[in-house]
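Chemist: Turn this into a structure:
(2 chains)
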Amino acid sequence: MRGGRAGDRLLHLYTWLIILWLSSPIAVMILFGFNDKRSKSNTTWQGFTLRWYAELFDISDLTTALANSLKIAVASTVITVVIGTMLGLALGRHRFRGSGVTNFLVFAAISTPELVMGASLLSLFVSGNVPRDSVTIIVAHVLFSLSFVVVTVRARVVTLDPSLEEAARDLGAGAWATFRLVTLPSIMPAVLAGGMLSFALSIDDYVVTSFVNGSTVTFPLWIVGAVKTGIPAQVNVMGTLLFGAGVLIAVGNAVAARRRS
Amino acid sequence: MRRLTPYLLALPSWMWLAIFLVVPMVAMASVSLQTGNAIDGFAMTFSFSNYTEAIGRYSTQLARSLLYGALATVAMLVIGYPVAYFIAFKAGARKSMYLFLLLLPFFVSFVLRTISWNFLLADNGILFGTLKGWGLLPADFHVLATTVAVVGGLTYNFLPFMILPIYVALERVDPRVVEAAQDLYATRAAAFRRVVLPLSLPGVFAGVLMTFVPATADPINAAILGGTSNTMIGNIIQTAYLTNLDYPTASALSFTLMAVLLVGIFIYARALGTENVLEAAAR
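Modeler: Model prediction:
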């Protein structure tokens, strides 16, 4: 940005105002995690305390909900990354019958409103008398994350030079060794990016989960359930810690990517 | 074996998408035509009247959802376009820093962000409580439980999804094309209107698609910021499914919502030109 015209400066200022607006709820969340509140509601500032950090795990159902969310996110991310990478490879590398239908299904899974996805899954589970628990939540989370992994991996695969794999095969590597030593390392950034996105989508999801959870409660569901009675400050602290971890991982990943190139 | 490889690679995802995306849609279509209740069970009666009844009963909420979704989408477009323009053309080497800052809210859960707005906008909270204390606002001033709060929340929550695709489209505009227009005596405004804006339309299309659909179907903002008089169709579907166990009505409403959204997208796509649509969908 070289000073330049007044219009550019105005646009610069405007962009920062929007960023400030987008970030303000984060600031509120972090700040009120330190609020020394006495009443149930946490809307007015009453002084600084670290009490909620010390008592982070004192609300047992909240702790369980957070643990459930983390477990579900890990499980659904692992499944999504494995099967999504496989499909991404198939679509990016091979021409096969049914790839058109597959592309359509991948697109449909991204563009179906979450509400409709949740409602239709519940219709299936109700019709089939399937009990709802963390397994049905994982099934749903894999479904809405899958397309993002497929699209990310496919985009990376089409940029790869196929002669690298041919060279590996010419040098006597079997199909599995070629995949492990040549293909996988070169698509790894996309696999990791897809995995992080799946994890983030899973841990954040409220709408789809609310349909298929049965009596299992996740972190977002617990929070929405607590809105009417007042959100305990521990929720702010957990949100702050998750935010910090997410930012650290994203920044670390960006730094590592820069060093690699 | 080599010829089988793509099928084997695609098989697990195919099964997942078939069993958990396609079959549920069929199940929902079937449930939406059934009658009965949660205790005695439901039976298929092909009652298309489920649809007319559900739409008749909830037409207010359906219309309100489309209105709020449209208002929020227009607000996002107006607010977001200049930001995308700034990052694409004026941010220079700092592009990725600005993009990162725009994505920062996504590191906090959607639900928590919306609740933070509930904090911020509370009738006697840090913002309005303070202003009322200074006598700058009347004591009965409030934003929560109004249309403004819900549309504002939707705008806030989905804004980055509008900015990013527009940014991607603008980023691809060759600056030399804009210079050429100016060399041919186009004013800055004319160069923008005749050159930059048309080239960014695929991004606008993608942005509108990525925001209008989830904003219209979102139940969270209305539940947390809207009070009782701003109920949207998402809340109705959730209640019908989860509280009232009225599966046929809920299924019929879900299908109606999806059909309305699809028709809306189709009309919108036709108005904008199908080539742009295919290009936008291909990304």
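Chemist: which stretches of the stretch 51-200 of chain B form helices?
Modeler: Here the stretch 51-200 of chain B has its helices, by DSSP state H, counting those that start in this stretch, at B:95-103, B:110-121, B:128-133, B:147-171, B:175-183, B:188-191, B:197-217.
Chemist: Identify the residues contacting stretch B:217-229?
Modeler: A:113-116, A:206-207, A:224, A:227, B:65, B:68-69, B:110-111, B:114-115, B:117-118, B:121, B:144-146, B:149-150, B:152-154, B:157, B:230-235, B:237-238, B:257, B:261 (C-beta atoms under 8 Å, 6 or more residues apart in numbering or on different chains). Bear in mind the C-beta positions are built from the backbone N, C-alpha and C, glycine included.
Chemist: mind putting the helices of the stretch 51-200 of chain B in CSV, mean neighbour count, mean pLDDT and distance to residue B:36 included?
Modeler: CSV is the format used below for the helices of the stretch 51-200 of chain B (neighbours: other C-beta atoms under 10 Å in any protein chain shown; pLDDT from 0 to 100; distance: least, C-beta to C-beta, whole Å):
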stretch, mean neighbour count, mean pLDDT, distance to residue B:36
helix B:95-103, 16, 92, 47
helix B:110-121, 23, 89, 34
helix B:128-133, 14, 84, 48
helix B:147-171, 23, 94, 34
helix B:175-183, 13, 87, 62
helix B:188-191, 14, 85, 63
helix B:197-217, 22, 90, 26
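Chemist: Compile the ones you listed into TSV and extend it with columns for distance to residue B:11.
Modeler: Shown next, in TSV, are the helices of the stretch 51-200 of chain B (distance: least, C-beta to C-beta, whole Å):
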stretch	distance to residue B:11
helix B:95-103	34
helix B:110-121	33
helix B:128-133	57
helix B:147-171	32
helix B:175-183	46
helix B:188-191	52
helix B:197-217	30
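Chemist: Compare those and give me the one nearest residue B:88.
Modeler: helix B:147-171 (3.6 Å; C-beta to C-beta).
Chemist: Distance from that closest one to the middle of the chain?
Modeler: Taking C-alpha atoms, centre = their mean, to the nearest Å, one finds the center of helix B:147-171 at 9 Å from the center of the full chain.
Chemist: Quick one: end-to-end length of stretch B:117-134, please.
Modeler: 22 Å (C-alpha to C-alpha, to the nearest Å).
Chemist: which residues touch that stretch?
Modeler: Residues contacting stretch B:117-134 (C-beta under 8 Å, 6+ apart): A:24-25, A:28, A:32, A:42-45, A:227, B:137-139, B:141-144, B:149, B:152-153, B:156, B:224-225.
Chemist: Check stretch A:38-55 too.
Modeler: Contacting residues not belonging to stretch A:38-55 are listed as A:31-37, A:229-234, A:236-237, B:119, B:122, B:124-126, B:129 [C-beta under 8 Å, 6+ apart].
Chemist: Alpha carbons of it, as PDB, please.
Modeler: This file holds the C-alpha atoms of stretch A:38-55, laid out as PDB (Å, rounded to 0.1, in the frame of the first residue of the first chain):
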ATOM      1  CA  ARG A  38     -21.600 -13.200  40.500                       C
ATOM      2  CA  SER A  39     -25.000 -13.800  38.800                       C
ATOM      3  CA  LYS A  40     -25.900 -16.400  36.200                       C
ATOM      4  CA  SER A  41     -25.900 -14.000  33.400                       C
ATOM      5  CA  ASN A  42     -22.500 -12.900  31.900                       C
ATOM      6  CA  THR A  43     -23.300  -9.700  30.200                       C
ATOM      7  CA  THR A  44     -21.800  -7.000  32.400                       C
ATOM      8  CA  TRP A  45     -18.200  -6.600  33.300                       C
ATOM      9  CA  GLN A  46     -17.600  -7.100  37.100                       C
ATOM     10  CA  GLY A  47     -13.800  -7.300  37.400                       C
ATOM     11  CA  PHE A  48     -10.900  -9.600  36.400                       C
ATOM     12  CA  THR A  49     -10.500 -13.200  37.600                       C
ATOM     13  CA  LEU A  50      -8.800 -16.400  36.500                       C
ATOM     14  CA  ARG A  51     -11.300 -18.400  38.400                       C
ATOM     15  CA  TRP A  52     -13.000 -19.900  35.300                       C
ATOM     16  CA  TYR A  53      -9.700 -21.200  34.000                       C
ATOM     17  CA  ALA A  54      -9.100 -22.900  37.400                       C
ATOM     18  CA  GLU A  55     -12.600 -24.300  37.400                       C
END
